[in-house]
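[1] Mind looking at a prediction? Sequence and model below.
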Amino acid sequence: MPSDARPGNRREFLKRAGIAALAQPILARGTAWGEAAPPAAIAGLPPLKITDVRVIVTCPGRNYVLVKIMTSEPGLYGVGDATLNGRELAVATDLEKHIAPLLIGRDPEAIEDIWQYLYRGPYWRGGPIQMTALTGVDLALWDIKGKRAGMPVYQLLGGRTRVGALAYTHASGNDFTEVEDQVRHAMERGFQVVRAQVAIPGLQGTYGTSAKPKLGEAAPNSPATDLPATELFEPGPYLRTVPKLFAHLRSKLGDEVELIHDTHERLGPVEAARFAKDLEPYHLFFLEDLLRPEYKESFRLIRQHSTTPLAMGELFNTLWDCVDLIKEQLIDFIRCDLGHIGGITNARKVAALAEAFQVKTAWHGPADVGPAVHAANVHVDISIPNFGVQEMVFFPDVTQEVIPGAPEFKDGYMIVRETPGLGTDLNEELAKKYPYQRAYLPTARRRDGSVQDW
Ligand code: KDG
Ligand code: MG
């Protein structure tokens, strides 16, 4: 029976609203005129209400935004992550000033209803800032639900489909030998899948490598402060260098290790098609994010020319961003960021859509989303049928002290904690010792000074 259909609650609500004559089921949902939905009694447990929403911004190693949702049950709270790299304070303000007041008094068990209310309710929907804020709330609510049920979240999603989530890590270097050494190192640690990036000769700073623009080499509008560094990108040297890297890696490491490369949305359609074709002989696990997210239709051209498996999606914010690429089978892996697409609630829908079209998941898992997102990734990974691979990071000790409970890496797989909820937490007192520090992602330009996607 739907929670709010219970005779007692419904009568009380209608009486309060003074609209007994309009006693239609739709009004009994309780959200009309700003009323919070009446809390439900579930399996003998008393009704639950959200009593407080705390937003914590902290920098244990790097900036993270956390959402802590308190409930009317003593000691029961959930923690979500709402970190958006370089725009942390915009998300924190959205949560504090606009979203928190809407949540007080609501039933935290009604996750889908709250999700819909926060997504469609404000009319001006979507975008990375609002969708990251929504993720923070969504993850905290799933955490509460799991804790209340006494189960890890993956159990609530249908239970296990696999023992762990096949994980990949990053290898990079200033030259091919350095990258090769790092791939070997990752393989020794147990990784079966490794992403490989190399510095491009002649360019200042290369995405995914430690090659940074040298001081004094940065563009004049990029002073050496905590403002963004400027990198230089040219497609020619990039397109010539990367296939040679993979030729080197295959000749030195053989065929068994699975290799990934991230283009970071930098190429035009013909360049991308040629690049995917040039990489074909090296049998990549996938080639990631070839094009800007605005140009999804150009994936048709790439598909016509190459059998290199394609992955796309870390900049997507909605289910609808994914629809065309999936239903036309233009990609092989959908790699949304659970932290920026509205959390577990939306990821499940993306995964189900992908399942229908033979597309697998490869959720984004960088260091700039916090442990709660990484935990959410793995809860979804191990409960869906069409999981592909999971990007992961090893969080530094300081991050793990402030935000404990990130999933663990074991023999090539991510293993989620068996504790109720997401398995992650927040040490609020310790978090205060690490205040926010302004930081930006780098930006990029072409040789002629024009803006290039970073
Ligand atoms: O904030 C930007 C990073 O999340 C992104 O550069 C990482 O592309 C990335 C990846 O695949 O991990
Ligand atoms: Mg990427």
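    Happy to help now that I have it. Numbering: from 1, shown residues only. Ligands and ions are numbered 1, 2, ... in the order given.
[2] Can you pull the residues of this protein lying near ligand 1?
    Within the chain, the residues that sit near ligand 1 (C-beta under 6 Å from any ligand atom) are N85, D262, H264, E314, H364, P366, D368, E391, L441. Heads up, the C-betas are built off the backbone N, CA and C, glycines and all.
[3] so where's this protein shaky on pLDDT?
    In the predicted model of the chain, residues 1-38, 40, 211-225 satisfy pLDDT under 70.
[4] Could you tell me which helix of it is the longest one?
    helix 128-149 (DSSP state H).
[5] Just name whatever secondary elements it is in contact with.
    strand 64-71, strand 77-81, helix 88-93, helix 111-120, helix 153-156, helix 343-355, helix 371-381 (3 or more C-beta pairs under 8 Å, 6 or more residues apart in numbering; DSSP states H and E).
[6] Out of these, which gets nearest to P228?
    P228 sits nearest to helix 88-93 of all the helices and strands packed on helix 128-149, at 14.6 Å, using C-beta to C-beta.
[7] Give me the contacts around the closest one.
    In this structure, residues lying in contact with helix 88-93 by C-beta atoms under 8 Å, 6 or more residues apart in numbering are 55, 57, 63-65, 82-84, 129, 132-133, 136, 436.
[8] if you set the cut-off to 6 Å instead, what comes out?
    Counting by C-beta atoms under 6 Å, 6 or more residues apart in numbering, helix 88-93 makes contact with V55, V57, N63, V65, A82, L84, I129, T132, A133, all of which sit outside it.
[9] Tell me which of the residues of the chain next to ligand 1 fall in strands.
    Among these, the members found in strands (DSSP state E) are D262, E391.
[10] Determine which two of the residues of the chain next to ligand 1 are furthest apart.
    Counting by C-beta to C-beta, the most remote pair of the residues of the chain next to ligand 1 is E391 and L441, 17.1 Å apart.
[11] and the two? which has more neighbours close in?
    Remark: of E391 and L441, E391 carries more neighbours, 24 against 12, as counted by other C-beta atoms under 10 Å.
[12] Find me whatever residue is spatially closest to that one, sequence neighbours aside.
    Residue nearest to E391 in three dimensions, not counting chain neighbours: G365, with 3.6 Å by C-beta to C-beta, 6 or more residues apart in numbering.
[13] what's whatever residue of the stretch 301-450 of the chain ends up closest to ligand 1 in contact with, if anything?
    Going by C-beta to the nearest ligand atom, ligand 1 is nearest to P366 of the stretch 301-450 of the chain, at 3.8 Å. Not one residue lies near P366 by C-beta under 6 Å, 6+ apart.
[14] just A362 next, same as before
    By C-beta under 6 Å, 6+ apart, A362 lies in contact with A311, F333, R335, G388, V389.
[15] Check whether the fourth one really touches Q358, as I assumed.
    It refers to G388. No. The criterion here is C-beta atoms under 6 Å, and G388 misses it with Q358 at 11.0 Å.
[16] the more surrounded of the two?
    Per other C-beta under 10 Å, whichever of G388 and Q358 has more neighbours is G388, with 22 against 10.
[17] quick one, what contacts the more buried one?
    G388 neighbours (C-beta under 6 Å, 6+ apart): F333, K360, T361, A362.
[18] thinking again about what came up before, can you report how many residues neighbour the residue nearest to E391?
    27.
[19] my guess is it meets F394, correct?
    No. Taking contacts as C-beta under 6 Å, G365 lies outside contact range of F394: 11.3 Å.
[20] of the contacts of helix 88-93, closest to R250?
    Nearest to R250 among the contacts of helix 88-93 is L84, at 36.8 Å by C-beta to C-beta.
[21] thinking again about what came up before, how about a markdown table for the contacts of helix 88-93, with neighbour count and distance to R195 added?
    Shown next, in a markdown table, are the contacts of helix 88-93 (neighbours: other C-beta atoms under 10 Å; distance: C-beta to C-beta, whole Å):
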| residue | neighbour count | distance to R195 |
| --- | --- | --- |
| V55 | 20 | 32 |
| V57 | 20 | 29 |
| N63 | 23 | 23 |
| V65 | 28 | 26 |
| A82 | 35 | 26 |
| L84 | 25 | 22 |
| I129 | 18 | 27 |
| T132 | 31 | 23 |
| A133 | 29 | 29 |
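[22] so the residue nearest in space to the middle of the chain, which of the three states?
    Geometric centre of the chain, nearest residue: D337, 2.4 Å, by C-alpha atoms, centre = their mean. Here D337 is coil, with the state taken from DSSP: H, G, I helix; E, B strand; the rest coil.
[23] what do you get for L287?
    Of the three states, L287 takes strand under three-state DSSP.
[24] how much space between it and G164?
    The gap separating L287 from G164 is 25 Å, by C-beta to C-beta, to the nearest Å.
[25] F285 now?
    In terms of C-beta to C-beta, F285 sits 17 Å off from G164.
[26] These two: which has the busier surroundings?
    More crowded of F285 and G164, by other C-beta under 10 Å: F285, with 24 against 20.
[27] Assess the claim that that one and I260 are in contact.
    Yes. Taking contacts as C-beta under 6 Å, F285 lies within contact range of I260: 5.2 Å.
[28] Quick check: chain neighbours aside, which residue is closest to the residue in the stretch 51-200 of the chain positioned nearest to ligand 1?
    Minimum separation of the stretch 51-200 of the chain from ligand 1 (C-beta to the nearest ligand atom) falls at N85, amounting to 3.6 Å. Take N85 and drop its neighbours on the chain: the residue closest to it by C-beta to C-beta, 6+ apart is D368, 3.9 Å away.
[29] you'd agree that neighbour is up against G86?
    No. Counting by C-beta under 6 Å, D368 does not reach G86; the two are 8.5 Å apart.
[30] Angles on the backbone of the residue nearest to the centre of the chain, please.
    The phi and psi values for D337, taken as degrees, to the nearest 10, are phi -100, psi 110.
[31] measure the residue lying closest to it once chain neighbours are set aside to D397 for me?
    Sequence neighbours aside, H364 is the residue nearest to D337 in space, at 3.8 Å (criterion: C-beta to C-beta, 6+ apart). In this view, H364 and D397 are 24 Å apart by C-beta to C-beta.
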